[in-house]
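Enquirer: Got a sequence here, can you model it:
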Amino acid sequence: MKTVDCIALLCTLLCGVRGGAFQAISGESGKYLSHAFAKIWLQNGYQGLGEAWDIQYFGNNVIAMHAKGGEEGTTLSHAFGKIWLQKGVQGDGEKWKYEWVGNGYVLHCLGGETGYTLSHAFSKVWLQKGHQGDGEVWLYENKGEGVVGNSDSLEEAPEVLFQAQGIPEGLEDPPKLTIS
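Expert: This is a model prediction of the structure:
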């Protein structure tokens with residue numbers, strides 16, 4: 001393991017937080033979940049800290065996504081049925097339960113928005129009723145290692161970049177990302 005990976009893993013174990021970013025799959029391939037300019041949208045490619053998130057793990061597949069860069073101190077929220085940046089974790093409106101679905105992760109809302117998922121379908125970021133298809137599936141890239149991969153568990157990747165990209169043709173079972 002590289003020194004940076006050891007530091008990230010130590011921070012994860014001690015603080016329950018790790019860095020990362022989200023990318024959509026399917027029709028939004030190559031677009032990243034962005035908080036740049038204090039708005040939530042899909043950015044073409046990874047441009048910088050506006051697409052980076054600190055992932056806080058609460059256990060039981062529940063996470064919160066804290067913005068990095070100019071929006072630091074805010075958290076991705078689904079409270080009140082909308083996608084926006086909230087100042088920190090106020091409750092279940094800023095928590096997401098992730099589920100591995102074979103070709104990426106689906107991010108399910110908790111609290112009052114239970115039953116909705118974070119969607120990138122139709123090239124916009126919004127709450128979709130349930131998991132309808134690839135428009136609600138997100139992939140990640142390990143920025144620290146520069147390796148693209150998938151995992152059954154977000155806890156396995158200390159630095160994560162989530163991305164919306166299609167599955168390469170002929171790749172039926174994507175490789176699992178492991179830390180050695």
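Enquirer: Could you pull out the buried residues of stretch 109-128?
Expert: When neighbours are counted by 16 or more other Cβ atoms under 10 Å, the buried residues of stretch 109-128 are found to be 109-110, 113, 116-121, 125-128. Just so you know, the C-beta spots here come from the backbone N, C-alpha and C atoms, and that holds for glycine as well.
Enquirer: how far does it stretch from start to finish?
Expert: 10 Å (Cα to Cα, to the nearest Å).
Enquirer: Not counting that stretch itself, show me its contacts.
Expert: 24, 27-28, 31, 33, 40-42, 62, 78-83, 91-93, 95-97, 106-108, 129-133, 135-136, 138, 164 (Cβ atoms under 8 Å, 6 or more residues apart in numbering).
Enquirer: Can you list which of those residues are found in strands?
Expert: Among the contacts of stretch 109-128, the members found in strands (DSSP state E) are 24, 31, 33, 41-42, 62, 96-97, 106-108, 129, 138.
Enquirer: Can you turn the buried part of those into a ChimeraX selection?
Expert: Applied in ChimeraX, the following selects the buried portion of the ones in strands among the contacts of stretch 109-128 according to 16+ other Cβ under 10 Å:
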select :24,31,33,41,42,96,97,106,107,108,138
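Enquirer: out of the ones in strands among the contacts of stretch 109-128, who's nearest Thr74?
Expert: Compare each of the ones in strands among the contacts of stretch 109-128 with Thr74 using Cβ to Cβ and the shortest gap goes to Leu33, at 13.5 Å.
Enquirer: you'd agree Gly73 is up against Val89?
Expert: No: look at Gly73 against Val89 with Cβ atoms under 8 Å: they stay out of range, at 11.4 Å.
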